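Enquirer: dropping a prediction and its sequence here:
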Amino acid sequence: MKIAIILIIIVTVISLVLTLREAGRNDTDYDKKSKRNVTNLTIIYVVTIVVSLIAVIIYIVNITS
(Lines give C-alpha, C1' and ligand atoms only; values in the text may rest on other atoms or scores of the structure.)
Protein backbone atom coordinates (compact mmCIF):
# COMPACT_ATOMS: atom_id res chain seq x y z
CA MET A 1 0.00 0.00 0.00
CA LYS A 2 2.82 2.39 0.85
CA ILE A 3 4.45 1.70 -2.52
CA ALA A 4 1.24 2.65 -4.35
CA ILE A 5 0.97 5.92 -2.42
CA ILE A 6 4.62 6.73 -3.11
CA LEU A 7 4.13 6.01 -6.83
CA ILE A 8 1.06 8.26 -6.94
CA ILE A 9 2.99 11.08 -5.28
CA ILE A 10 5.91 10.65 -7.71
CA VAL A 11 3.62 10.66 -10.76
CA THR A 12 1.78 13.72 -9.44
CA VAL A 13 4.99 15.67 -8.88
CA ILE A 14 6.34 14.72 -12.32
CA SER A 15 3.04 15.76 -13.92
CA LEU A 16 3.09 19.08 -12.12
CA VAL A 17 6.67 19.83 -13.18
CA LEU A 18 6.01 18.90 -16.82
CA THR A 19 2.79 20.93 -16.89
CA LEU A 20 4.52 24.00 -15.53
CA ARG A 21 7.36 23.57 -18.02
CA GLU A 22 4.92 23.40 -20.94
CA ALA A 23 2.93 26.37 -19.63
CA GLY A 24 6.06 28.51 -19.76
CA ARG A 25 6.56 28.08 -23.49
CA ASN A 26 5.42 30.78 -25.91
CA ASP A 27 3.48 29.83 -29.01
CA THR A 28 3.27 32.21 -31.94
CA ASP A 29 0.31 30.45 -33.56
CA TYR A 30 -1.66 30.19 -30.32
CA ASP A 31 -4.83 31.87 -31.60
CA LYS A 32 -5.02 29.67 -34.68
CA LYS A 33 -4.38 26.46 -32.74
CA SER A 34 -6.70 27.51 -29.93
CA LYS A 35 -9.61 28.06 -32.30
CA ARG A 36 -9.04 24.67 -33.94
CA ASN A 37 -8.78 22.92 -30.56
CA VAL A 38 -11.96 24.54 -29.27
CA THR A 39 -13.79 23.51 -32.44
CA ASN A 40 -12.55 19.93 -32.14
CA LEU A 41 -13.49 19.73 -28.46
CA THR A 42 -16.95 21.13 -29.17
CA ILE A 43 -17.53 18.49 -31.84
CA ILE A 44 -16.36 15.75 -29.48
CA TYR A 45 -18.66 16.99 -26.69
CA VAL A 46 -21.68 17.27 -28.98
CA VAL A 47 -21.17 13.78 -30.40
CA THR A 48 -20.63 12.33 -26.93
CA ILE A 49 -23.74 13.97 -25.51
CA VAL A 50 -25.92 12.87 -28.44
CA VAL A 51 -24.66 9.27 -28.26
CA SER A 52 -25.12 9.25 -24.47
CA LEU A 53 -28.69 10.53 -24.76
CA ILE A 54 -29.50 7.90 -27.35
CA ALA A 55 -28.04 5.21 -25.09
CA VAL A 56 -30.08 6.42 -22.11
CA ILE A 57 -33.27 6.51 -24.19
CA ILE A 58 -32.65 2.97 -25.45
CA TYR A 59 -31.96 1.83 -21.88
CA ILE A 60 -35.16 3.42 -20.56
CA VAL A 61 -37.24 1.95 -23.37
CA ASN A 62 -35.80 -1.52 -22.73
CA ILE A 63 -36.38 -1.28 -18.96
CA THR A 64 -40.00 -0.17 -19.32
CA SER A 65 -40.84 -2.78 -21.97
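Expert: That came through fine.
Enquirer: this protein: helices as residue ranges?
Expert: Under the criterion DSSP state H, the chain carries helices at the ranges 2-23, 30-64.
Enquirer: reformat those as JSON lines; add mean neighbour count and mean pLDDT.
Expert: For every residue, glycine as well, the C-beta is placed using N, CA and C. Compiled in JSON lines, these are given as follows (neighbours: other Cβ atoms under 10 Å; pLDDT from 0 to 100):
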{"stretch": "helix 2-23", "mean neighbour count": "9", "mean pLDDT": "89"}
{"stretch": "helix 30-64", "mean neighbour count": "10", "mean pLDDT": "90"}
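Enquirer: against residue 49, how distant is residue 40?
Expert: For residue 40, the distance to residue 49 equals 15 Å [Cβ to Cβ, to the nearest Å].
Enquirer: quickly note the distance from the residue nearest the centre of the chain to residue 49.
Expert: Residue closest to the average C-alpha location in the chain (Cα atoms, centre = their mean): residue 41, at 9.1 Å. To residue 49, residue 41 is 12 Å away according to Cβ to Cβ.
Enquirer: likewise for residue 33?
Expert: 24 Å.
Enquirer: ok, residue 5 next?
Expert: For residue 5, the distance to residue 49 - Cβ to Cβ - is 36 Å.
Enquirer: what does residue 9 give?
Expert: 35 Å.
Enquirer: and what of residue 31?
Expert: 27 Å.
Enquirer: just residue 60 next, same as before
Expert: Distance of residue 60 to residue 49, computed by Cβ to Cβ: 16 Å.
Enquirer: what do you get for residue 24?
Expert: 34 Å.
Enquirer: cool, residue 7 as well?
Expert: Counting by Cβ to Cβ - residue 7 and residue 49 are separated by 35 Å.
Enquirer: before we move on, what about residue 39?
Expert: 16 Å.
Enquirer: got the contact list for residue 41?
Expert: Contacts for residue 41 (Cβ atoms under 8 Å, 6 or more residues apart in numbering) come out as none.
Enquirer: actually residue 36, not the one I typed
Expert: By Cβ under 8 Å, 6+ apart, residue 36 has no neighbours at all.
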